[in-house]
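Asks: predicted model, plus sequence, below.
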Amino acid sequence: MSTRLGFSGCFRDELGADRTMLSTSRDKTSPRIGLISTISDNPAYNHVFRNYNHDVSATSQYPGTCNAKVWEAIRASAAAPGYFEDFKLGEHIHQVIFRKYFNI
């Protein structure tokens, strides 16, 4: 386990550094899944990490991707203020803020 990389390093080590969300759907026994995070741009918006791709003619209410690495998607969806640090992926900062955006 990679202690110098902390929380993110643990995910990367355990799940594989290069395994993508979409690659998990190649296993016929794997269900379709979505992991949710909030991109804290101004204004903040929800982001869905999927292990499937939409039909070309379909659109989703929430932006997202199926091309992220599995460890990145899990880490971003675990970025809950007060529990785990925010997670920077590309140019965006991911957090999970359920009450404000999902009326929970």
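Replies: Right, received. Where do you want to start?

Asks: doesn't Ala78 make contact with Phe84?
Replies: Yes - contact criterion Cβ atoms under 8 Å: Phe84 and Ala78 qualify, at 5.2 Å. C-betas here are computed from N, CA, C, even on glycine.

Asks: more neighbours: which of the two?
Replies: Ala78 (18 against 14; other Cβ atoms under 10 Å).

Asks: and Asn46, how many neighbours?
Replies: By other Cβ under 10 Å, neighbour count at Asn46 equals 17.

Asks: can you pull the contacts of it?
Replies: Applying Cβ atoms under 8 Å, 6 or more residues apart in numbering, we find Asn46 in contact with 36-39, 62-63, 101.

Asks: of the residues you listed, which is the most crowded?
Replies: Going by other Cβ under 10 Å, Ser37 tops the contacts of Asn46 with 27 neighbours.

Asks: what residues are bridge-paired with that one?
Replies: Using DSSP bridges, the beta-bridge partners of Ser37 come out as His47.

Asks: ok, it - contacts?
Replies: Applying Cβ under 8 Å, 6+ apart, the residues near Ser37 are 46-47, 49, 76-77, 79, 87, 94-96.

Asks: spatially central residue for the chain, please.
Replies: Nearest residue to the geometric centre of the chain (Cα atoms, centre = their mean): Ala73, 2.5 Å.

Asks: for that residue, what are its contacts?
Replies: Contact analysis of Ala73 by Cβ under 8 Å, 6+ apart lists 21, 35, 49.
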